[in-house]
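[1] Everything below, folded, please.
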Amino acid sequence: MGSPKALLEAWGETFIDRLIGVFAVHCAPVVTVLGYHADAVRSGMRRAAQTAIVINPRPEEGQLSSLQCGLARVPAEAEAVLFTPVDHPGIGAATVAALIEVFHRTGARAVVPVHAGRHGHPVLCSRELAAELAALPARARARDAVHSRGVAYVEVEDAGTVQDIDDPEAYRAFAAAGGAA
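    Okay, here's the model as predicted:
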């Protein structure tokens with residue numbers, strides 16, 4: 001991207017600040033894992049006081065390593081965990097609430113939003129599944145454990161759940177659609 005994705009703008013906030021705000025409506029604590037460019041991202045955060053910041057010392061090992069760093073910071077009494085990569089800044093608080101409601105109603109091991117036939121983020125996982133994710137070997141994929149059994153898929157209108165801003169072209173399209181206004 002040429003700069004940390006976490007510091008790109010979405011609706012007048014950085015991606016990371018927007019997601020902290022969305023999650024903070026329904027979750028406590030909010031845990032933010034920083035990897036590459038951790039110092040720059042931390043210094044650019046406006047909502048740092050609303051989150052527990054964890055540094056991934058091995059971001060080159062991939063997203064699972066960051067997820068595992070974050071899971072290590074979640075309180076043992078947490079009933080469930082929600083997680084998303086920072087490149088999904090369009091997720092809405094109503095989606096987070098819907099996933100939590102389905103979790104409480106069904107007791108599913110995982111709750112995954114679906115928009116236009118595509119699985120998205122954030123993913124909600126039970127305490128038991130979170131422990132399994134924390135114990136996965138480095139080469140494993142979290143999605144395999146999440147989608148293995150006991151998952152509830154929730155249809156949502158929230159296109160932000162599947163909108164992955166991974167490259168400059170995706171960010172330009174996001175901005176042109178009003179996402180970076």
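
[2] In contact with the residue nearest the centre of the chain, which residues?
    With distances taken as CA atoms, centre = their mean, the residue of the chain nearest its centroid is residue 84 (1.2 Å). Counting by CB atoms under 8 Å, 6 or more residues apart in numbering, residue 84 touches 19, 91, 121, 122, 123. (C-beta placed from N, C-alpha, C; glycine too.)

[3] Spell out the secondary structure type for the closest residue to the second one other than its chain neighbours.
    Of all residues not flanking residue 91 in the chain, residue 160 sits nearest, at 4.6 Å (CB to CB, 6 or more residues apart in numbering). Judged by DSSP: H, G, I helix; E, B strand; the rest coil, the three-state class of residue 160 is helix.

[4] For residue 160, grab the count of nearby residues.
    Close neighbours of residue 160, defined as other CB atoms under 10 Å, add up to 24.

[5] ok, now the one 3 residues further on?
    Neighbour count for residue 163, taken as other CB under 10 Å: 20.

[6] before we move on, what about residue 66?
    Neighbour count for residue 66, taken as other CB under 10 Å: 22.

[7] Quick check: it is in a strand.
    No. According to three-state DSSP, residue 66 belongs to no strand; its state is helix.

[8] so how far is residue 150 from it?
    Distance of residue 66 to residue 150, computed by CB to CB, to the nearest Å: 24 Å.

[9] Can you list the low-confidence ranges for this structure?
    In the prediction, the chain carries residues with pLDDT under 70 at positions 1, 180-181.

[10] Run through the strands of it in chain order.
    Across the chain, reading from the start of the chain, the strands by DSSP state E fall at 9-10, 13-14, 31-34, 52-55, 80-83, 110-115, 118-119, 123-126, 151-155.

[11] so which of those strands comes closest to residue 104?
    The closest approach between residue 104 and any of the strands of the chain, judged by CB to CB, belongs to strand 80-83 at 8.9 Å.
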